[in-house]
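Participant: build me a model:
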Amino acid sequence: MNHKLSIFTLGFTVALAGCQDNVDTQQHQANSPAQHGLTESVSMPAYCAVSEGQQPITDSAEVSQITDQYVFVEGPVWDEQHQVFYFSEMDFDGPQDNGPRSIIHRLKLPNQLDVFIDNSGSNGIAIEGSHLIATTHDSQTVSSYDIATKQREIIVSDFDGKHFNSPNDVTISQQGDIYFTDPDWQLGTRPKETGVTGVYWRDRQGKVHLIDGERGNPNGISLSPDQSQLYVGENNGTISRYPVRQDGSVGERSEFAHVEQPDGMAIDCAGNIYIASHGPGKLVVLSPEGEQLASIDIATRATNVSFGGPEHKTILVTAGGGLYTLQSPIAGFPY
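Facilitator: The predicted structure follows:
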């Protein structure tokens with residue numbers, strides 16, 4: 001569906017309120033797309049100015065709890081235009097034939113919460129202009145929700161005529177490439193048609209490609225700030241890294257780091273990776289070289305993480321039935 005690319009490109013510009021025109025080239029030289037062989041069409045927003053040597057969040061960062069009254073929360077994303085976070089809640093206490101029933105909630109900082117889309121079927125969420133792009137296990141697809149009307153449209157339905165298992169997490173490039181993971185945790189009673197738990201790419205023309213079918217339940221997925229690297233977490237603790245080419249395709253996988261039970265992840269403007277470590281209930285921060293910089297206690301069953309807030313320095317972590325925030329010295333990307 002080619003119109004999605006144009007929606008995203010326009011939406012990214014609007015959401016960042018014209019920031020691209022004010023990028024400080026010297027401050028961003030370390031993250032320059034040209035250094036990775038990418039085109040100059042990959043732009044860094046002005047809020048991503050990072051001073052040389054600036055350090056990310058530390059082990060002693062203060063964690064604030066917003067609530068712990070949900071069943072199981074996942075997939076946060078920041079909506080710059082409306083200044084709110086969205087996140088999924090999944091009900092593992094109900095029927096599971098098609099995976100758990102899900103709701104998309106909305107959070108207006110600091111603690112104003114309401115239901116945004118009922119019965120969404122969603123897990124991970126990204127944002128593409130005026131649409132939420134959600135991995136939707138209820139229909140084994142990737143869906144687009146119009147933020148204004150809340151209408152749903154399936155934009156990735158199958159791979160070679162076969163249903164996915166239970167799409168889990170998603171990230172989108174500036175050019176409109178959609179990358180997502182497909183473990184089998186919310187498969188329910190449905191057959192496993194693809195035969196793999198894979199990592200997929202929906203290209204700018206709408207075609208779906210299997211990036212990697214040899215991962216054991218891949219989970220969190222994110223792009224580096226300059227879009228040159230794709231990170232994927234795997235259930236066995238491996239964080240893999242794939243080089244991204246100019247056309248959105250990816251190169252050979254390499255092992256980047258190891259984090260216990262990695263779940264969702266986010267990236268700050270310096271390229272540091274923030275990973276929800278599920279069982280230990282921690283937020284683990286890695287440098288662009290894979291060195292551990294921080295390990296912060298959050299809560300058990302940590303599931304995902306996103307940057308947002310007025311200065312893009314509020315970190316929202318979903319864990320079990322709770323929402324938690326931290327303040328970061330470095331701004332981050334919304335997904």
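Participant: mind listing the helices for the protein?
Facilitator: Using DSSP state H, the helices of the chain run over residues 3-15.
Participant: which residues of it score low on pLDDT?
Facilitator: Applying pLDDT under 70 to the chain picks out residues 1-41, 334-335.
Participant: go with 80
Facilitator: Segments of the chain classed as low confidence (criterion: pLDDT under 80) are 1-43, 50-53, 334-335.
Participant: now do the strands in the stretch 51-200 of the chain.
Facilitator: Under the criterion DSSP state E, counting those that start in this stretch, the stretch 51-200 of the chain carries strands at the ranges 64-67, 73-79, 84-91, 101-108, 112-117, 122-128, 131-136, 141-146, 152-156, 170-172, 178-182, 198-202.
Participant: the shortest one pairs with which strands, parallel or anti?
Facilitator: Paired with strand 170-172 in the same sheet, following DSSP bridges, are strand 178-182 (antiparallel).
Participant: contacts for the partner strand?
Facilitator: Strand 178-182 has contacts (CB atoms under 8 Å, 6 or more residues apart in numbering) with 124, 126, 133, 135, 142, 155-156, 164-173, 194, 197-202, 211, 218-221, 223, 230, 232. Bear in mind the C-beta positions are built from the backbone N, C-alpha and C, glycine included.
Participant: from those, list just the buried residues.
Facilitator: Buried subset of those (neighbour count, 16 or more other CB atoms under 10 Å): 124, 126, 133, 135, 142, 155-156, 164-173, 194, 197-202, 211, 218-221, 223, 230, 232.
Participant: about what we covered before: Pro45 is nearest to which of the strands of the stretch 51-200 of the chain?
Facilitator: Closest to Pro45 of the strands of the stretch 51-200 of the chain is strand 73-79 (CB to CB; 12.7 Å).
Participant: looking just at contacts, which helices and strands does the closest one meet?
Facilitator: For strand 73-79, the contact count by 3 or more CB pairs under 8 Å, 6 or more residues apart in numbering; DSSP states H and E identifies strand 84-91, strand 122-128, strand 131-136, strand 302-308, strand 314-319 as packing neighbours.
Participant: now with 6 Å?
Facilitator: Helices and strands touching strand 73-79, as assessed by 3 or more CB pairs under 6 Å, 6 or more residues apart in numbering; DSSP states H and E, comprise strand 84-91, strand 122-128, strand 302-308, strand 314-319.
Participant: so what touches that strand?
Facilitator: The contact list for strand 73-79 (CB atoms under 6 Å, 6 or more residues apart in numbering) reads 85-89, 123-127, 303-304, 306, 308, 316, 318, 334-335.
Participant: many thanks, have a good one.
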